[in-house]
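>>> Any chance you could fold what I've pasted below:
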Amino acid sequence: MTRKRRNKTLKLAKGYFGAKSKHFKMAKQAVMKSGQYAYIGRKQKKRDFRRLWITRISAACKINGVNYSTFMNGVKKAGITLNRKMLSEIAISDPAGFSAIVEKAKAAL
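Residues are numbered from 1 along each chain as shown. Below is the predicted model of the structure:
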C-alpha cells in the first residue's frame, strides 16, 4: 500500500524538473503546491473572464454613448436577462444588435 501511494504521487509529479519527479519527498511537496496553484487558478480564471467581459461591454457602451454602470442598470430595469458573457459576445459579433440593447436600456431609465 505504501508503494502504491508513493507511485501515485510520483505519477502526478511526472515531468517536473530535477529531483521533484524522482524523489518521493520532493515530489510530494511539489504535487501539494501544484494542487494549491491549480485550486487558486480555477478561481482566478473566473475572475479574469468576468473582467474581460466587463471591459468588452464597457468599450461597446462607450461607442454607443453610455457608460458601463448606466447600461447595466438600464439592462436590469428593462428586464433583459442576458449575462455579461453573452452581452460581450453580442458586442463583438453583432454591433447593431448591441446598439438595439443599449437603446432599450436607455429607454428603461
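
>>> ok, which stretches of this structure are helices?
2-12, 24-63, 68-78, 84-93, 95-108 (DSSP state H).

>>> So for residue 18, which of those helices sits nearest?
helix 24-63 (8.1 Å; Cβ to Cβ). Where you see a C-beta, it was placed from the backbone N, CA and C, and this is true even at glycine.

>>> Quick check: buried residues in the closest one?
Judged by neighbour count using 16 or more other Cβ atoms under 10 Å, the buried positions of helix 24-63 are 27, 28, 30, 31, 53, 56, 57, 58, 60, 61.

>>> and these as a markdown table, adding pLDDT and distance to residue 101?
As requested, those are exported to a markdown table (pLDDT from 0 to 100; distance: Cβ to Cβ, whole Å):
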| residue | pLDDT | distance to residue 101 |
| --- | --- | --- |
| 27 | 98 | 52 |
| 28 | 97 | 52 |
| 30 | 97 | 48 |
| 31 | 97 | 47 |
| 53 | 98 | 14 |
| 56 | 97 | 14 |
| 57 | 97 | 10 |
| 58 | 97 | 14 |
| 60 | 96 | 10 |
| 61 | 96 | 10 |
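
>>> Under the pLDDT cut-off, which ranges of the protein? List them.
Along the chain, no part satisfies pLDDT under 70.

>>> Relative to the centre of it, find the outermost residue for me.
Ranked by distance from the centre of the chain (Cα atoms, centre = their mean), the top residue is residue 1, with 39.5 Å.
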